[in-house]
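Chemist: coordinates only, sequence not included:
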């Protein structure tokens, strides 16, 4: 049996289906290729509105493409009047790049969104980053770095973070330190070494049985963040592993994490019309 060479892969077909409700915009041209933001708008949305923007940063530790990882979460929060972006950033398997390029791309996207806030219909003072694993690391860089990217007086700082199965320690000797160009970079960019006062509120959602990004560093991170006077909450899930929040992995944990995120957004006045939902 011959297979037509132009037949799209199952993965490509799945991605198109998951992104069918989004509008895709080019936000950056790089030497390695273009990067897109897949934007999910609320129904009846229009320019000039001032809704919360949620930027979703997929996991994969800066290696594999997974822009659709948070598609179901984007659809969910767009239905609750948030503008949601499923972000692309440079990855090793496609662009032969590492975490430094991914950090740069994330911050470029935040600045682009802020500068185009009227067109997107968002409030540039209500930017929430949602990241998984290596994507959580990227969100933490934007929130914690002293020298965050800034263009035309617009900076890349978010106003709240939601971090799932988060990577918070990249110091030498940890599993992901070798992905950095040097041990010095791995240490200086480790969120565990960047804790200071006056950071944005953070919600961590983590599986107690996560063997990839274990819970212990997150608990230590929380302790030091609170010591510095920051607002941080960690919710751990019994029996849950690294991918516990993904829709295709556990419907129950997927829905529980949605509920926790809604509550966090409401408490931080980022979802003023929040109502409790039963899942």
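Modeler: Thanks, I have it. Note that the structure is predicted; figures quoted are calculated from it, not measured.
Chemist: CA only for contacts and neighbour counts going forward, please
Modeler: OK.
Chemist: Tell me where the stretch 51-200 of the chain has helices.
Modeler: In the stretch 51-200 of the chain, the segments counted as helices under DSSP state H, counting those that start in this stretch are 71-78, 92-95, 99-115, 117-120, 134-144, 183-188.
Chemist: mind showing which ranges of this structure have poor pLDDT?
Modeler: 1-15, 272-279 (pLDDT under 70).
Chemist: Identify the single longest strand in it, thanks.
Modeler: Longest strand in the chain, counting residues (DSSP state E): strand 122-132.
Chemist: That one - contacts with which helices or strands?
Modeler: Applying 3 or more C-alpha pairs under 8 Å, 6 or more residues apart in numbering; DSSP states H and E, one finds that strand 122-132 makes contact with strand 51-57, helix 134-144, strand 160-164.
Chemist: Tell me how far that strand lies from the chain's centre.
Modeler: 9 Å (C-alpha atoms, centre = their mean, to the nearest Å).
Chemist: Was I right to think residue 149 contacts residue 106?
Modeler: No: here residue 149 does not reach residue 106: they are 9.8 Å apart, not a contact under C-alpha atoms under 8 Å.
Chemist: Looking at those two now, which is surrounded by more residues?
Modeler: Set residue 149 next to residue 106 and count neighbours by other C-alpha atoms under 10 Å: residue 106 wins out with 25 against 19.
Chemist: Return the distance of the more buried one relative to residue 211.
Modeler: Using C-alpha to C-alpha, to the nearest Å, residue 106 is found at 26 Å from residue 211.
Chemist: who does residue 56 bridge with?
Modeler: Bridge pairing for residue 56 (DSSP bridges) gives the partners residue 86, residue 130.
Chemist: how many neighbours does it have?
Modeler: Neighbours of residue 56 (other C-alpha under 10 Å): 30.
Chemist: Residue 70 is in contact with that one, correct?
Modeler: Yes: assessed by C-alpha under 8 Å, residue 56 is found in contact with residue 70 at 6.6 Å.
Chemist: Tell me the residues that contact both of those two, please.
Modeler: Here residue 56 and residue 70 share the contacting residues residue 86, scored by C-alpha atoms under 8 Å, 6 or more residues apart in numbering.
Chemist: Any figure for the gap between the closest residue to residue 171 other than its chain neighbours and residue 170?
Modeler: Leaving aside its sequence neighbours, residue 171 sits nearest to residue 187 (C-alpha to C-alpha, 6 or more residues apart in numbering; 4.3 Å). Going from residue 187 to residue 170 by C-alpha to C-alpha gives 6 Å.
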